[in-house]
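>>> return atomic coordinates for the entry below.
(one chain, ligands or ions: 3)
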Amino acid sequence: LIEAASVFAESRRSYRVIHGSLTQLPNKVRNYVEENARLCKPDTIHICDGSERENEMLTYVLRKDGMLKKLHKYENCWLARTDPADVARVERLTYISTPLKRDTVPTPKYGAKSQLGNWMDPEDMDNELNMRFPDCMKGRTMFVIPFSMGPVGSPLSKIGIQLTDSAYVVASMRIMTRMGDQVLEALGDSNFIKCLHSVGRPLPLTAPLHNNWPCNPKMTIIAHLPHKNEIHSFGSGYGGNSLLGKKCLALRLGSNLGREEGWLAEHMLILGLENLDTGKKRYIAAAFPSACGKTNLAMMTPSLSNYKVTCVGDDIAWMRFDENGVLRAINPEAGFFGVAPGTSMKTNPIAMKTCLKNTVFTNVAETSDGGVFWEGLESEVDPNVRIRSWLGDEDWKKDNSDRPAAHPNSRFCTPAAQCPIMDPLWEDPKGVPIDAIVFGGRRPQGVPLVYESFNWQHGVFIGASMRSESTAAAEHKAKMIMHDPFAMRPFFGYNFGDYLKHWLSMGEKENVHLPKIFHVNWFRKSADNKFIWPGFGENARVLDWIVRRCDGEDIAKHTAIGLVPKQDTLNLAGMEEAVDMEELFSLPKEFWQNEVNAIYKYFDEQVNEDLPNDIMHELHNLEERIQAE
Ligand code: GTP
Ligand code: SPV
Ligand code: MN
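Ligands and ions are numbered 1, 2, ... in the order given. As a prediction, the model looks like this:
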């Protein structure tokens, strides 16, 4: 009888499983898949195994659908051009839904809108999701992606199951995460993070696509339900909106898990820095806002020949104190989703060497010899090739176009394992020991190249008061100085005031080795609007000062904002062009008074009752020190 019933159920099913089988799935996964297949009504289901053969099949389909083009100049490289309306994260459509609003965002003063996240009531969220997901995959394939954030089986890792109707997402998740059969094995019948994604364009189409890229910008929503460990993303195929392991899981839900379980999920790169003279190696984690230099620093080729940089991660760090009180970090990702423009053999040769095989490029320009082009590669491209811009302008030339060749937020998606400077411990399940935490941003004015916090609490204050010029990584109009605390403003999974308390609590732990905290700014400009500091490989000089401070060297002097290098302690030996150090380190009193006022206003309006007293105390102290200058 049971068999007859199941045959009957099978015959009523509207979908066919075309790859893998439902019976091979752990029960909880199977239930999740079946439940959402009933909801979204795909034609077919494909359970991803992560194999090479599967990937070949996917790229074949993507080519046939006109979503990927082969780049013949390189080995296994692909170009995707999106609908021009789907090119970046959509912060205003990204929500966290919790029963209590205050669990998600501080209550702003004076009825202002919160800049620290968008909250939605669970009932309203239910309605929003019910307006979108039923039947949304009609005519399409639902892919089932089992993925691990962090090395498979590491106690620090988390497993998710993403359901998606985008083969582009599968091809990208394959690079960015560890995915496939071995993840299901590691999962067994445990719980997992439920990640549902649809581009929101069931078949047959009711309107034509742009660039063959299915998306639904009018109905886009990126929803997080931390109390259920669920993510629901609809309408966008682009990076941070659709590769749900990345910002949605590893940061927004991750920060919630971190708070519950006593660790930190941060928008940080992790690098190793080895002094070749002494053999001493240190690890640094650094938080810069989107498109502010994490990938570049993580892969840096130091201009100081006695240093070697190794890369552990370029975007996200999960950190926790181990039983010996050492803060250990893992990179939960397996690939780089890096900003293409500005990347070149001159600025980031390691990224260039990494991304010329097995890579999916999105919204870059292509050359007539089957290669890629973007702003920054002008002197590295064969002058005889023609360039086709990301928007499809044939024979694009800088001089006769007011549009860039590549979208400013165009990206390469490339496996970390093929980066020539990956750290030997990058997949160590224990993580690497962190000695310094660095904050930074794009500050054209007033903020010096580097300064150190007086202590942990002051360091947390520095993170809380971070500001940066906006970039193209989200939908903002560029060139505004925005508050971006901890480079996490778009990624907080819970109330920022509670996040600060969590960070402060780390400083109160007993028997732990607290990393030193620093702030850097590669982007200060002179009166003629040029960068004062050459940046990139030259940033090694700043890292050198930082690790020497970690060694306890007496090379810092007190200022109102923190500790800065004593005269001549920043190693400038062999620099090609002279830098105006006076200007680079000047602390204009009026600038800093305005800065303090802006931070007061922000804390008061945006964090309001949820701001920890210790942080307000640090701001008062800063104000007093500046006044006393
Ligand atoms: P996300 O992936 O969005 O999180 O960005 P990211 O923080 O990894 O930024 P990335 O390293 O990709 O750099 C973004 C842009 O900043 C690129 O155009 C770089 O060329 C530029 N950039 C990076 N480092 C420096 C630097 O030291 N100086 C200057 N002037 N520009 C830099
Ligand atoms: C960022 O915006 O910080 C990124 C790109 O790293 S995305 O994955 O789209 O969020
Ligand atoms: Mn990022």
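
>>> what pLDDT does the model give residue 477?
The model reports residue 477 with a pLDDT of 69.

>>> which helix is the longest one in this structure?
helix 613-628 (DSSP state H).

>>> and that one, what other elements does it pack with?
Packing partners of helix 613-628 (3 or more Cβ pairs under 8 Å, 6 or more residues apart in numbering; DSSP states H and E): helix 456-464, helix 496-506, helix 589-602. C-beta: built from backbone N, CA, C; applies to glycine.

>>> of those helices, which stretch is the most buried?
Mean neighbour counts were taken over the helices and strands packed on helix 613-628 using mean count of other Cβ atoms under 10 Å, and the top value, a mean of 23, falls to helix 456-464.

>>> quick one: mean pLDDT over it.
Computed over helix 456-464, the mean pLDDT rounds to 99.

>>> how about the following helix or strand past that helix, does it reach ligand 3?
Later in the chain than helix 456-464, the nearest helix or strand by DSSP states H and E is strand 467-469. No: Strand 467-469 is not in contact with ligand 3 by Cβ under 5 Å from the ion; minimum separation 12.5 Å.

>>> strand 467-469 pairs with which strands?
Looking at strand 467-469 with DSSP bridges, its partner strands are strand 481-483 (antiparallel).

>>> in the partner strand, which residues are buried?
The neighbour-count check on strand 481-483 (16 or more other Cβ atoms under 10 Å) flags 481-483 as buried.

>>> residues of the stretch 151-300 of the chain that sit close to ligand 1?
Taking Cβ under 6 Å from any ligand atom, the part of the stretch 151-300 of the chain that reaches ligand 1 is made up of 288, 290-296.

>>> if we go to 8 Å?
267, 269, 288-298 (Cβ under 8 Å from any ligand atom).

>>> top of the residues you listed by neighbour count?
Neighbours here mean other Cβ atoms under 10 Å. Within these, the largest count is held by residue 298, at 30 neighbours.

>>> returning to that earlier point: what's the closest of the buried residues of strand 481-483 to ligand 3?
residue 482 (15.1 Å; Cβ to the ion).

>>> wait, residue 22 touches residue 29, no?
No: here residue 22 does not reach residue 29: they are 9.1 Å apart, not a contact under Cβ atoms under 8 Å.

>>> who has more neighbours, these two?
In this view residue 22 and residue 29 are compared by other Cβ under 10 Å, and residue 29 has more residues nearby, 21 against 17.

>>> so which bits of the helix or strand that contains that one are buried?
Residue 29 is part of helix 27-40, with elements assigned from DSSP H and E. Along helix 27-40, these residues count as buried under the neighbour rule (16+ other Cβ under 10 Å): 28-30, 32-34, 36-37, 39-40.

>>> so for residue 124, which of the helices and strands packed on helix 613-628 sits nearest?
Nearest to residue 124 among those is helix 496-506 (22.1 Å), distances taken as Cβ to Cβ.

>>> packing partners of the very next helix or strand once past the closest one?
Sequence order places strand 516-520 as the next helix or strand after helix 496-506, per DSSP H and E. Strand 516-520 makes packing contacts with strand 436-440, strand 450-452, helix 456-464, helix 540-550 when contacts are defined by 3+ Cβ pairs under 8 Å, 6+ apart.

>>> quick one: contacts of the longest one?
It refers to helix 540-550. With contacts defined as Cβ atoms under 8 Å, 6 or more residues apart in numbering, helix 540-550 is touched by 273, 275, 282, 284, 300, 302-304, 307, 309, 435-436, 438, 449-450, 452, 516, 518, 520, 555-556, 563, 565, 569-572, 575.

>>> you'd agree residue 410 is up against residue 366?
No: using Cβ under 8 Å, residue 410 makes no contact with residue 366, being 11.2 Å away.

>>> could you measure from the residue in the stretch 351-500 of the chain positioned nearest to ligand 1 over to ligand 2?
Of all residues in the stretch 351-500 of the chain, the one sitting closest to ligand 1 is residue 473 (4.2 Å; Cβ to the nearest ligand atom). Distance of residue 473 to ligand 2, given as Cβ to the nearest ligand atom, to the nearest Å: 4 Å.

>>> from residue 489, how far out is that residue?
Distance from residue 473 to residue 489, counting by Cβ to Cβ, to the nearest Å: 12 Å.

>>> so what sits against both of those two?
Both residue 473 and residue 489 are in contact with residue 289, where contact means Cβ under 8 Å, 6+ apart.

>>> is stretch 345-360 up against ligand 1 anywhere?
Yes: applying Cβ under 8 Å from any ligand atom, one finds stretch 345-360 touching ligand 1 at 347-348.

>>> next, the distance between the ends of that stretch.
Counting by Cα to Cα, to the nearest Å, you get 19 Å between the two ends of stretch 345-360.

>>> mind putting the buried residues of strand 481-483 into JSON lines with distance to ligand 3 and pLDDT?
JSON lines is the format used below for those (distance: Cβ to the ion, whole Å; pLDDT from 0 to 100):
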{"residue": "481", "distance to ligand 3": "19", "pLDDT": "95"}
{"residue": "482", "distance to ligand 3": "15", "pLDDT": "96"}
{"residue": "483", "distance to ligand 3": "17", "pLDDT": "98"}
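
>>> looking at the residues you listed, which is nearest residue 337?
Lowest distance from residue 337 to those (Cβ to Cβ) belongs to residue 482, with 21.7 Å.
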